[in-house]
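Novice: what follows is a predicted protein model with its sequence.
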Amino acid sequence: MQLSLLNQLRQENPVVLNISNFVTVQDVANGLNALGASPIMSEEINETKEMVHISDAVALNLGAFSEEQVKHIRKMGQEANRAFKPVVLDPVAVGAIDYRLQVAKELLDEIDVAVIRGNAGEIAALAGADWTSKGIDAGQGQGDLVEIAQQAAQKFHTIVLLSGADDIITDGKRVTIVHNGTPLFAAHVGSGDMLSSIVAAFCAVDPAGVYEATRVAATVFARIGELAVGDQSTMGPGTFTVNLLDQLQLAQLEQIKQNIKFEEA
Amino acid sequence: MQLSLLNQLRQENPVVLNISNFVTVQDVANGLNALGASPIMSEEINETKEMVHISDAVALNLGAFSEEQVKHIRKMGQEANRAFKPVVLDPVAVGAIDYRLQVAKELLDEIDVAVIRGNAGEIAALAGADWTSKGIDAGQGQGDLVEIAQQAAQKFHTIVLLSGADDIITDGKRVTIVHNGTPLFAAHVGSGDMLSSIVAAFCAVDPAGVYEATRVAATVFARIGELAVGDQSTMGPGTFTVNLLDQLQLAQLEQIKQNIKFEEA
Amino acid sequence: MQLSLLNQLRQENPVVLNISNFVTVQDVANGLNALGASPIMSEEINETKEMVHISDAVALNLGAFSEEQVKHIRKMGQEANRAFKPVVLDPVAVGAIDYRLQVAKELLDEIDVAVIRGNAGEIAALAGADWTSKGIDAGQGQGDLVEIAQQAAQKFHTIVLLSGADDIITDGKRVTIVHNGTPLFAAHVGSGDMLSSIVAAFCAVDPAGVYEATRVAATVFARIGELAVGDQSTMGPGTFTVNLLDQLQLAQLEQIKQNIKFEEA
């Protein structure tokens, strides 16, 4: 796996434009900044074209789900397509709320999305698979998660990153399963949103190799989570968040490379 | 006091739907999540009915006070009433801003609220008592806080939780005064909002016993604040926030039960 | 330099009203609160007049840049002028986005601003100087930053605080350069926004001496950043943020006075 993309990212300092989830926006901005990217956030449609122009990748988070924001998301996605900037979509809560699922599908029709990053419940809903989400959480269901991720990727012609205890990355055919990570990601509300924007940052430095960029992003983030926990047996979510931000900046490629655990299928 | 509701909450993992204060939304989401509830936040009226349907309790925070959000608050409260989900109202800054006080009273007319959680200035304003708030802070005034809380509870037919150095919980007749807590709660801007949503989480696990759920929530939160401080003599608000999130997840019922200090009047 | 304004601020606990950047709002509220001011935030134009009335100073952050928020910013600035409350403007990203630059100039025509606080790219854009911003970051360019700051101050008849590795404070003639600070401010997304609101807090306690209040604010904040780092050689942005909030509350005037490094030109 081309983990050295991390050093390229830190050198190039790509600008990542975000439609952000209002719940986690500061966390995501700090996470991108700590990793070495340059975050910008916008809530105003009149500046979208200029914002896209100065950006290297775009992350569209459906956590911001007012009608006005959906208009903004559509416009930003279309401008990004026109400017050939890679687009990452985070379909927050489409597994729990039908209204969101409908809107997300419309957006996927109108925007050429490079990567969809969601949890099991969200990806299953997009794939049309049988699954029960719980609130915004992943929930549980029948069915093989790898197959569900592949179905979603084929249906929407994108890379899918289904994140959870294992992360599954697929373009519909190729599959990578990343076994790294920590349960503490689930104790920190912004983890998924942060990962989505970090995927965009990696796509910015390798826009031609989106599958590779996505699986590197997932692996780097999972390993950084492990480094944030270290050898502490009990850690609360407050300390984890602090350590995660620290390690996003401080963790070196050599540390991240140790103990990488992934398989290709 | 039925403190074992905490373990029930952690087991049942209730979904708490929030109209959140944009200032503190991430903090509240992380606090609910750390304690063992499942937070969802929404800013879009078109998804309100579905959001209420998948939730176990609703927290309406008047920190989000644009006209659009007030419409959303009204709709969410009414949907929650229809679905018999308990509603907690946090009347942010009604003690300082007359416009807010008027709107809050209208909402209390239109929505059946189970619990109002506010500081002394906010509850006094609702009760019509003589009090001087300072900005969004509690301020100071004449009059007995227990009587003021009882007046507000009687006037609006709700449970009132007046939080401060002591927390006062009343249904208009019964009164519980919780002496636990720490001044560091006041050094952390999100403390009150977090408590309001945590009250909603406890109401979700005991919707029939809202008075009990509210005083347990206040006591558990106050004790967790004490555990976050521990035996450190000097602590800043940054460290306190981290420790608070840690203890919301890590504190066990046995630790919380120690040193409970409350009286019933 | 009149650093004792810090103790006056902590004693008077001024109310600072903020139009806040949605990315950093919680951080700014916690920062003001930790320092000893009382933060209030608003998103609703109907309460603007009352909000201004109970406030001692106003900070207008252009990070909140939807059309609705710009209307709100205009109204709040004008109400503050009418009530003789000092106004601080933070022109977020005007160095990168022309649309923002145009709107910021209009606002500066319509509102009497006491202080503009921005990074090099933002102040250069306002001054009309040659500079290349990178996203929301300062970027780099030709030209002497002191001259650029003076030009902006003369053009808009305000105090300018150009913050960066060195902070430059000028009223167009007088210049103070503060050499204190730490690179970790740049690793924490909310640093600039927090400084802008802290400048407003110092202006609240010395509205007649805005130049002095601004350079004291910059110096106190820079020194508190240094105290947050202490003698640790490697620190990540998570730990820095926690320590910064701690020191905003805990740092005493005597500690801040040590190692002040500034020059007047």
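Specialist: Arrived safely. Numbers count the residues shown, from 1 in each chain, chains lettered A, B, ... in the order given.
Novice: which residues of the stretch 101-250 of chain A fall in helices?
Specialist: Using DSSP state H, counting those that start in this stretch, the helices of the stretch 101-250 of chain A run over A:120-127, A:145-156, A:191-205, A:210-229, A:237-250.
Novice: would CSV of those helices with distance to chain B be doable?
Specialist: For every residue, glycine as well, the C-beta is placed using N, CA and C. Formatted as CSV, the helices of the stretch 101-250 of chain A follow (distance: least, Cβ to the nearest Cβ, whole Å):
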stretch, distance to chain B
helix A:120-127, 12
helix A:145-156, 21
helix A:191-205, 10
helix A:210-229, 13
helix A:237-250, 3
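Novice: averaged pLDDT, stretch A:170-177. What do you get?
Specialist: Stretch A:170-177 comes out with an average pLDDT of 98.
Novice: and for stretch A:87-99?
Specialist: 93.
Novice: and the end-to-end length of it?
Specialist: This stretch, stretch A:87-99, spans 22 Å end to end (Cα to Cα, to the nearest Å).
Novice: can you put the helices of the stretch 101-250 of chain A in TSV and add mean pLDDT and mean neighbour count?
Specialist: As requested, the helices of the stretch 101-250 of chain A are arranged in TSV below (pLDDT from 0 to 100; neighbours: other Cβ atoms under 10 Å in any protein chain shown):
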stretch	mean pLDDT	mean neighbour count
helix A:120-127	95	27
helix A:145-156	97	21
helix A:191-205	97	28
helix A:210-229	98	25
helix A:237-250	98	25
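Novice: figure out which of those helices is closest to chain C.
Specialist: Chain C lies closest, by Cβ to the nearest Cβ, to one member of the helices of the stretch 101-250 of chain A: helix A:237-250, at 2.6 Å.
Novice: does the very next helix or strand once past the closest one reach chain C?
Specialist: Where DSSP states H and E defines the elements, the next helix or strand beyond helix A:237-250 is helix A:253-257. No - if you take Cβ under 8 Å from any Cβ of the partner chain as the test, helix A:253-257 misses chain C, and the best it gets is 13.4 Å.
Novice: what pairs with the helix or strand just after helix A:253-257, parallel or antiparallel?
Specialist: Downstream of helix A:253-257, the first helix or strand assigned by DSSP H and E is strand A:262-264. Neighbouring strands of strand A:262-264 in its sheet, by DSSP bridges, are strand A:175-178 (antiparallel).
Novice: chain center to the partner strand, what's the gap?
Specialist: Distance, stretch centre to chain centre, for strand A:175-178: 15 Å (Cα atoms, centre = their mean, to the nearest Å).
Novice: render the CA-only coordinates of it in CSV, please.
Specialist: The C-alpha trace of strand A:175-178 is given here as CSV (Å, rounded to 0.1, in the frame of the first residue of the first chain):
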residue,chain,number,x,y,z
VAL,A,175,-11.6,-5.1,-2.1
THR,A,176,-9.3,-4.1,0.7
ILE,A,177,-10.2,-4.9,4.3
VAL,A,178,-8.3,-2.9,6.9
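Novice: in it, which residues are buried?
Specialist: In terms of neighbour count (16 or more other Cβ atoms under 10 Å in any protein chain shown), strand A:175-178 has its buried residues at A:Val175, A:Thr176, A:Ile177, A:Val178.
Novice: any idea how far chain C is from the residue nearest to A:Ile159 when sequence neighbours are not counted?
Specialist: Spatial nearest neighbour of A:Ile159, chain neighbours left out: A:Val115 (4.5 Å); criterion: Cβ to Cβ, 6 or more residues apart in numbering or on different chains. Using Cβ to the nearest Cβ, to the nearest Å, A:Val115 is found at 21 Å from chain C.
Novice: what about A:Val115, how many neighbours?
Specialist: The number of residues packed near A:Val115 is 28, by other Cβ atoms under 10 Å in any protein chain shown.
Novice: surely it and A:Val88 touch.
Specialist: Yes - here A:Val115 reaches A:Val88: they are 4.6 Å apart, a contact under Cβ atoms under 8 Å.
Novice: overlap in contacts, the two.
Specialist: Residues touching both A:Val115 and A:Val88 by Cβ atoms under 8 Å, 6 or more residues apart in numbering or on different chains: A:Val199, A:Ala200, A:Cys203.
Novice: would you turn these into JSON lines with distance to B:Gln154?
Specialist: Shown next, in JSON lines, are the shared contacts of A:Val115 and A:Val88 (distance: Cβ to Cβ, whole Å):
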{"residue": "A:Val199", "distance to B:Gln154": "54"}
{"residue": "A:Ala200", "distance to B:Gln154": "54"}
{"residue": "A:Cys203", "distance to B:Gln154": "59"}
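Novice: among those residues, which one sits closest to C:Leu250?
Specialist: Among the shared contacts of A:Val115 and A:Val88, A:Ala200 lies closest to C:Leu250 (Cβ to Cβ), at 37.9 Å.
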